[in-house]
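Student: Let me see the structure of the following:
(one chain, ligands or ions: 1)
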Amino acid sequence: MLHYQFTLLTIFASVLVLTSTGCSHSTPVVEAYQPTIAQEGKDVVWIPTPTDLAERLLQAAKVTSSDLVYDLGAGDGKIAILAAQKYKATAVGVEFNPDMAEYARKNVQRAGVSDKVTIITGDIFKEDFSKASVVTLYLLPALNLKLRPTLLAMKPGTRIVSNTFTMGLWAADQTIQGDNGNIGYLWIVPANIQGHWSFAGLPDMGSASVQLTLQQEFQVVNGTLSANDGKSSQPISGRLEGTKLSFDYRDATGMHRTVVAQLINGELQGYLKDQPAIPVVGKKTS
Ligand SMILES: C[S@@+](CC[C@H](N)C(=O)[O-])C[C@H]1O[C@@H](n2cnc3c(N)ncnc32)[C@H](O)[C@@H]1O
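Tutor: Have a look, this model is predicted:
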């Protein structure tokens, strides 16, 4: 009898232990909230970016462990999670829908990247993402345009990638192909170099320094290069990649040259592509 009671107690205790600890692993975890594809969002519905395109967008943005990636409209958190898991970046997802944001937080936990990823419940038009070095978007053309002034005011060199949608007249620096015809775009925030510059170091120009007047439309640069002897002036066209300017001109002998220069502390410091040992320095005059 005593033995029987002891056995019953043991079984009861085992059931208690199983219920409170290990047993749950055989029972599927039921999520209280399950999002559905194309469900309404504040400004745009939720559709997750396909994984292949998400990977290629982050690759095109050259995401590394030193980046801070912001996904604006984070959905289930997949882009922020991928940025942390595959590229070791720190990532923040901004999601307006509180249930979705909580769901994304659980996904972050499940993915084991809670130390690298934060999901903020918030509005992409109100949250401050100015510290991001990479911004990812899957919104709508009109929303991209609404964000554009804020994006253009970010630190030069900041990379922006967008699934499907463009940025109006700000042409992309790169187009990214996903599988199944999906497409994405990369922009690199250009520095502002519009104005008048005095350049020293350009050979065969008839004077030690030349004047360069630059106009800028996003990353596209046009202008006039004038030798100080006042004899020659020519239109030039160039391109900015963040803080890196490259432009072409013809020297006094008619030779085609390319200047590559970085904007460093307000100076354009660079070299001639065919003579990299000779420094070229541009100083802003107005
Ligand atoms: C098309 S989904 C993209 C999800 C994710 N970025 C991806 O690419 O997989 C857009 C997401 O933005 C959210 N959203 C819509 N308007 C928003 C706003 N004003 N602020 C923050 N999130 C918003 C939606 O709830 C939805 O989850």
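
Student: can you list the residues of the protein near the ligand?
Tutor: Applying Cβ under 6 Å from any ligand atom, we find that the chain lies next to the ligand at 41-44, 46-49, 71, 73-75, 78-79, 94-97, 100, 123-125, 138, 163. Heads up, the C-betas are built off the backbone N, CA and C, glycines and all.

Student: and these, which are buried?
Tutor: The neighbour count (16 or more other Cβ atoms under 10 Å) marks 41, 44, 46, 49, 71, 73-75, 78-79, 94-97, 100, 124, 138, 163 as buried among the residues of the chain next to the ligand.

Student: Go through the residues you listed and flag which are in helices.
Tutor: Of those, the ones assigned to helices by DSSP state H are 78-79, 100.

Student: Looking at those residues, spot the one nearest Pro156.
Tutor: Ile79 (23.2 Å; Cβ to Cβ).

Student: The closest one and Val92 touch, don't they?
Tutor: No - using Cβ atoms under 8 Å, Ile79 makes no contact with Val92, being 10.6 Å away.

Student: who touches both of these two?
Tutor: 69, 71 (Cβ atoms under 8 Å, 6 or more residues apart in numbering).

Student: what comes into contact with the helix or strand Leu186 falls within?
Tutor: Assigned by DSSP states H and E, Leu186 falls within strand 183-188. Residues outside strand 183-188 that contact it (Cβ under 8 Å, 6+ apart): 53, 56-57, 60-61, 151, 157-167, 170, 172-178, 219, 241-242.

Student: try 7 Å
Tutor: For strand 183-188, contacts defined as Cβ atoms under 7 Å, 6 or more residues apart in numbering pick out 53, 56-57, 60-61, 157, 159-164, 166-167, 170, 172-178, 241-242.

Student: Give the PyMOL command for selecting the buried subset of those residues.
Tutor: For the buried members of these, the matching PyMOL selection, counting by 16+ other Cβ under 10 Å, is:
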select buried, resi 53+56+57+60+61+159+160+161+162+163+164+166+167+170+172+173+176+178+241+242
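
Student: From Ala171, how far out is the residue nearest to Leu143 when sequence neighbours are not counted?
Tutor: Spatially, and ignoring its direct neighbours in sequence, Leu143 is nearest to Asp43 (5.7 Å; Cβ to Cβ, 6 or more residues apart in numbering). Noted for Asp43: a distance of 24 Å to Ala171, by Cβ to Cβ, to the nearest Å.

Student: now swap in Val281 and tell me
Tutor: 29 Å.

Student: thought Lys131 was touching Tyr70?
Tutor: No - using Cβ atoms under 7 Å, Lys131 is not in contact with Tyr70; the gap is 8.4 Å.

Student: Looking at the two, which is more packed in?
Tutor: In this view Lys131 and Tyr70 are compared by other Cβ atoms under 10 Å, and Tyr70 has more residues nearby, 29 against 11.

Student: mind listing what's buried in the next helix or strand after the strand holding Leu186?
Tutor: On the C-terminal side of strand 183-188, the closest following helix or strand by DSSP H and E is strand 195-200. Neighbour counts over strand 195-200 (16+ other Cβ under 10 Å) mark 197, 199 as buried.

Student: got the contact list for strand 195-200?
Tutor: By Cβ under 7 Å, 6+ apart, the surrounding residues in contact with strand 195-200 are 208-214, 268, 280-286.
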